[in-house]
Each structure stands twice: as C-alpha cells, then as structure tokens.
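S.K.: A structural model of the following input is requested.
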Amino acid sequence: QVQVVESGGGLVQPGGSLQLSCTASKLPFVTYAMHWYRQAPDKRREWVATMKTADGTTRYLEAVKGRFTISRDSVRESRKHTVHLQMNSLQPEDSAVYYCNADLSQYGEYWGQGTQVTVSS
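M.R.: Sure thing, here's the model as predicted:
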C-alpha cells in the first residue's frame, strides 16, 4: 500500500524557518515529480513547489521564490522518494496545512495527510 507521510510542521514566529519532509514509499511506479501544496482555512489548495524526478529541476510559486527550497534525498530505491521543503523568512500568510503529492503522471497521484504550519507571534 502506497504511503505518503509528511512531517516537520509546527508553530514558528514571523521571520522564522521550518523544514518539512515527505516520504513516499511503496509506489507502484517511478514518480514523474514530487509536489508541495498548501491550503489555508477557507481557501483553495494551492501549489507551492515541484521537483521533477528525472532531472531534479524545480519550480516555485512566485510568492515563495527566494524563501522556500525543495530538495530531495538521494534516490536509492526507484519507488521511494523523500523530499524536503525548507521554508525561510516565514510570514503569517504562509500559515496553512502543507501537503505532499507524489505525481505518477498518467498512473495517478498520491497525497499525504498534511502537516500544519502556523506562523504567528
């Protein structure tokens, strides 16, 4: 059974940092990409960052560019991936539940349960 598990959320003051981690395992196929999304209360889920599996290229939501960095552990098993989201200079508007998404392209996708990030003084 596929597992996508996020960790690392918490409460941080404005200007602080957090690192989220996500491990997707028991995948039926190699991922096309790993994504991070977030959803604040009463808002739609929005895409935050992507790392393509094949070449490690990354993309970011404009609002987080220069503050967030997506990275990955070395891929030792083709069907298990661990990615991280380093979040610096956090602001209250970054508060949300952050979700990891394992994108298997035409073979589907898998979501984690989410991890809460709260930025508040």
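S.K.: Please make it C-alpha for all contacts and neighbour counts, starting now.
M.R.: OK.
S.K.: residue nearest the centroid of this structure?
M.R.: Central residue of the chain (CA atoms, centre = their mean): residue 36, 2.9 Å from the mean position.
S.K.: quick one, phi/psi of it?
M.R.: Main-chain dihedrals, residue 36, degrees, to the nearest 10: phi -120, psi 140.
S.K.: Run a quick check on it versus residue 102, I expect a contact.
M.R.: No - between residue 36 and residue 102 there is no contact under CA atoms under 8 Å: 9.1 Å.
S.K.: now the strands for this protein?
M.R.: Secondary structure of the chain by DSSP state E: the strands cover 3-7, 10-12, 18-25, 33-39, 46-52, 58-60, 68-72, 81-87, 96-103, 109-111, 115-119.
S.K.: What strands line up against the fourth one, and which way round?
M.R.: Spelled out, that is strand 33-39. Strand pairing for strand 33-39, using DSSP bridges, gives strand 46-52 (antiparallel), strand 96-103 (antiparallel).
S.K.: low pLDDT regions in the protein?
M.R.: In the predicted model of the chain, residues 76-78 satisfy pLDDT under 70.
S.K.: switch to 90 and redo it
M.R.: 1, 26-31, 53-54, 73-81, 106-107 (pLDDT under 90).
S.K.: residues contacting the residue nearest to residue 51 when sequence neighbours are not counted?
M.R.: Nearest residue to residue 51, sequence neighbours excluded (CA to CA, 6 or more residues apart in numbering): residue 58, at 4.5 Å. Contact analysis of residue 58 by CA atoms under 8 Å, 6 or more residues apart in numbering lists 49-52, 70.
S.K.: how about those in CSV, adding distance to residue 27 and neighbour count?
M.R.: Formatted as CSV, the contacts of residue 58 follow (distance: CA to CA, whole Å; neighbours: other CA atoms under 10 Å):
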residue, distance to residue 27, neighbour count
49, 21, 22
50, 18, 25
51, 17, 21
52, 16, 15
70, 20, 24
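S.K.: Same list (those residues) but as a markdown table, adding distance to residue 12.
M.R.: Listed next are the contacts of residue 58 as a markdown table, based on distance: CA to CA, whole Å:
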| residue | distance to residue 12 |
| --- | --- |
| 49 | 20 |
| 50 | 24 |
| 51 | 25 |
| 52 | 29 |
| 70 | 19 |
